[in-house]
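let me see the structure of the following:
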Amino acid sequence: MGALYYTNTIQSPFISSLNNIKIYYHNTTEFVENTINKHFFQANKITELEEKLQKYENNHLVIKQLASEVNDFFMENNSTLKVDPQVQLVRSISYQKFADQNRIWLEIDDYNSSKVYGLIYKELVAGIVISQNGKALGLLNRDIKSSYAVYVGDENAPGIAHGNSAKNLIVKFIPAWFNIKVGDEVTTSSLDEIFFKGLKVGVVISVTKSQGYQNAVVEPYYKANNPNYFHMIRKIK
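Predicted coordinates:
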């Protein structure tokens, strides 16, 4: 009750205490689950993980090589630009409120509350991370305050995507001279320095015009109802 309904000053210690309890609970359940898996399914799991590790190592080497070549190119041209993206695996603790599945508390090490971060689930855009009472709060795509810069369609029409507390997303402020149509894919633009460029958001299902701009209703790709882990983008370059 204190964490949900009291003022922010009173909420903060309640939230900190409850989140610590929830983190302990998650750690305990994961330990038990991992112990059971190791005991009964160890051989199959090792084989599966070895195959995945080989794939990830190969992809990691390729990406590191590309990043190295890009940085060398910048140096040869006396550019101060540098490619150094940073991504972190984070765990969800609980919903902020029982009736709102668009806001979740996150467990994040070394959290900088002065920044807004991008949140990804299985390579799909899931939302953003903001600070609430000094704690990391994930605003999933459908939350009305979750917004970020996107491109729409093959012409890369710029716009701002945000939730509307409903099933779909809205992309606003698309310039009228772009040809936007149903079926166009929406991806991140990286112009807001929250997400990498080209991450998938959703697909356009309707388009309207208003005051010199176009608005697109977008069906999001991310629809997970039981999120446990996300990847958070700490730095895009």
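
can you pull the contacts of residue 139?
Residue 139 sits next to 102, 103, 127, 128, 129, 130, 145, 146, 163 when contact means CB atoms under 8 Å, 6 or more residues apart in numbering. Where C-beta positions appear, they are placed from N, C-alpha and C, glycine not excepted.

which element is the third one on?
Same thing as residue 127. strand 124-132 (DSSP states H and E).

okay, now the domains of this protein?
2-76, 86-141+224-235, 147-220 (automatic domain parsing).

how about a markdown table for those domains, with mean pLDDT added?
Putting these into a markdown table (pLDDT from 0 to 100) gives the following:
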| stretch | mean pLDDT |
| --- | --- |
| domain 2-76 | 69 |
| domain 86-141+224-235 | 87 |
| domain 147-220 | 93 |
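
ok so residue 91 is a strand residue?
Yes - assessed by DSSP: H, G, I helix; E, B strand; the rest coil, residue 91 belongs to a strand.

that older thread, now the element after the strand holding residue 127, going C-ward?
As assigned by DSSP H and E, the chain's next helix or strand after strand 124-132 is strand 135-140.

paired strands for that next one, with orientation please.
strand 100-107 (antiparallel), strand 124-132 (antiparallel) (DSSP bridges).

adjacent strands (with direction) for the following helix or strand past the shortest one?
Beyond strand 100-107 on the C-terminal side, the first helix or strand identified by DSSP H and E is strand 117-121. Based on DSSP bridges, the strands next to strand 117-121 in the sheet, each with its direction, are strand 124-132 (antiparallel), strand 229-235 (antiparallel).

all helices of the chain, in order?
Here the chain has its helices, by DSSP state H, at 2-5, 8-76.

nearest residue to the middle of this structure?
residue 119 (1.3 Å; CA atoms, centre = their mean).

how about that one, what does it touch?
125, 126, 127, 128, 129, 138, 140, 230, 231, 232, 233.

tell me which two in the residues you listed are the farthest apart.
140 and 233 (15.2 Å; CB to CB).

re earlier: winner for burial among the strands paired with strand 135-140?
Among the strands paired with strand 135-140, strand 124-132 has the highest mean neighbour count (mean count of other CB atoms under 10 Å), at a mean of 23.

ok, and what's touching it?
Contacts of strand 124-132 (CB under 8 Å, 6+ apart): 90, 96, 102, 106, 108, 113-114, 116-120, 136-141, 143, 145-148, 188, 194-195, 199-201, 220-222, 224, 227, 230, 232.

give me the buried subset of these.
Among the contacts of strand 124-132, the ones that count as buried by 16 or more other CB atoms under 10 Å are 90, 96, 102, 106, 108, 117-120, 136-141, 143, 146-148, 188, 194-195, 199-201, 220-222, 227, 230, 232.

end to end on stretch 191-203, go ahead and measure it.
20 Å (CA to CA, to the nearest Å).

which residues are contacting it?
Residues contacting stretch 191-203 (CB under 8 Å, 6+ apart): 85, 116-118, 120, 123-125, 128, 141, 148-150, 158, 161, 168-169, 183-190, 218-221, 233, 236-237.

swap in 6 Å and give it another go.
Stretch 191-203 has contacts (CB atoms under 6 Å, 6 or more residues apart in numbering) with 116, 118, 124-125, 148-150, 185-188, 190, 218-221, 236.
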